[in-house]
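Engineer: After the sequence you'll find the predicted model.
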Amino acid sequence: MPTAIIMLKIDHRKVTRTAEVILDLPGVTDVYSVSGRYDLLVILKSESLDTIESLITDHLLKVEGIVDSETMFAFRSYDKREGGKAIGVD
């Protein structure tokens, strides 16, 4: 399943509320508060890259409080529960 990892810089006065709003968006499976130059890490999964692109541009990046973003796409998952075997992300 196509997966996007999105790193977000958030207005520091709005981190918690922004995370709550993002978690309710379609396709979002996880939202993490993280240390470093970004404030939130978002995992988004969908049936196609076209759908992910639409979810990111039409929904996620329109959430109030987002200052900057960086998006990465996962090529392969190595899942500990699967004994470290590669799991396709197609």
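Structural biologist: Right, received. Where do you want to start? Residues are numbered from 1 along each chain as shown.
Engineer: Can you give me the distance of the closest residue to residue 48 other than its chain neighbours to residue 17?
Structural biologist: Once flanking residues are discounted, residue 48 sits nearest to residue 2: 6.3 Å by Cβ to Cβ, 6 or more residues apart in numbering. The way it works is simple: take the backbone N, C-alpha and C, and place the C-beta from them, glycine included. Relative to residue 17, residue 2 is positioned 28 Å away (Cβ to Cβ, to the nearest Å).
Engineer: Strands along this protein, start to end?
Structural biologist: For the chain, the strands defined by DSSP state E occupy 3-10, 28-33, 40-45, 66-73, 76-78, 86-88.
Engineer: Now render those strands as CSV, adding mean pLDDT, distance to residue 59 and mean neighbour count.
Structural biologist: Formatted as CSV, those follow (pLDDT from 0 to 100; distance: least, Cβ to Cβ, whole Å; neighbours: other Cβ atoms under 10 Å):
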stretch, mean pLDDT, distance to residue 59, mean neighbour count
strand 3-10, 98, 12, 20
strand 28-33, 97, 9, 15
strand 40-45, 97, 10, 20
strand 66-73, 97, 11, 14
strand 76-78, 83, 24, 11
strand 86-88, 59, 26, 10
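Engineer: Could you tell me the phi and psi values at the residue nearest to residue 48?
Structural biologist: Main-chain dihedrals, residue 2, degrees, to the nearest 10: phi -60, psi 140.
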